[in-house]
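Chemist: What follows is a predicted protein model with its sequence.
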Amino acid sequence: LACPLLRSIAIPSPLLPITNMKTAIFVSLVAGAAAFAPASHSAPRTTALNGDLSGEIGAQAPLGFFDPFDMTNGGEKDTFDELRKIELKHGRVAMLAVVGYLTTYAGNRFPGAEDAPSGLQALYNMDLADYLWIFATCAVLEIWNSDRTGDSEFYGDFRNGFDFGWDKQSDEWKRKKRSIELNNGRAAQMGILGLMVHDGMGNLDAILPH
């Protein structure tokens, strides 16, 4: 960068005015400094933002902290926390999905929906009003299941002023319960996926009792 700029600057002679000489010197200094300036790109993240995530809740035996695809950008805590929020939410939805799937498969129905099929076939037997009710229910749950008071201990603590005895427990007990929830959510995500696959293949009765 410096060389083209310097070549484009005429070397001042003693006959040039003092102001032109000062301008030429200033431009030369700027060009020289630009030659040693770093390229204009965002600075890479430093390891100061990264930490040991092996002690996080959910990093359990036998795999411990398992991130083979480097989803956390080398163990970046902020990225890990965002992914943990996604995992926790998906796990809770999956647990509800498995319970609902098995409940309707067993023949249980809400009043007025006694003839509705279970599983994926229910999607093809609902009218617009049914879908609107589902979306409305999801919207209400999405609003309610949030930290509306700002007093949560961690993401996912949506008690919103109701204690349920949580605050009376020890940190070890809380950590154990949070670990159980994560593991159940992980199993439920695999479970609902398996149920949907077998339902789509038409052999759900091969894995579920009649």
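Modeler: Yep, it's here.

Chemist: show me the contacts for the closest residue to A94 other than its chain neighbours.
Modeler: In space, and not counting its chain neighbours, A94 is closest to A188: 3.8 Å by C-beta to C-beta, 6 or more residues apart in numbering. Where you see a C-beta, it was placed from the backbone N, CA and C, and this is true even at glycine. Neighbouring residues of A188 by C-beta atoms under 8 Å, 6 or more residues apart in numbering: 91, 94-95, 97-98.

Chemist: Among those residues, the buried ones, what's the PyMOL command?
Modeler: Buried members of these, defined by 16 or more other C-beta atoms under 10 Å, are picked up in PyMOL with:
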select buried, resi 91+94+95+97+98
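
Chemist: In the helix or strand where the residue nearest to A94 lies, which of the residues would be classed as buried?
Modeler: Applying DSSP states H and E as the criterion places A188 in helix 171-201. Neighbour counts over helix 171-201 (16+ other C-beta under 10 Å) mark 174, 178, 181-182, 184-185, 188-189, 191-192, 195, 198-199 as buried.

Chemist: possible to save those as JSON lines with pLDDT and distance to T72?
Modeler: Shown next, in JSON lines, are these (pLDDT from 0 to 100; distance: C-beta to C-beta, whole Å):
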{"residue": "K174", "pLDDT": "93", "distance to T72": "24"}
{"residue": "R178", "pLDDT": "93", "distance to T72": "19"}
{"residue": "E181", "pLDDT": "94", "distance to T72": "21"}
{"residue": "L182", "pLDDT": "95", "distance to T72": "16"}
{"residue": "N184", "pLDDT": "97", "distance to T72": "23"}
{"residue": "G185", "pLDDT": "96", "distance to T72": "19"}
{"residue": "A188", "pLDDT": "97", "distance to T72": "23"}
{"residue": "Q189", "pLDDT": "97", "distance to T72": "19"}
{"residue": "G191", "pLDDT": "96", "distance to T72": "25"}
{"residue": "I192", "pLDDT": "97", "distance to T72": "25"}
{"residue": "L195", "pLDDT": "96", "distance to T72": "30"}
{"residue": "H198", "pLDDT": "95", "distance to T72": "33"}
{"residue": "D199", "pLDDT": "95", "distance to T72": "34"}
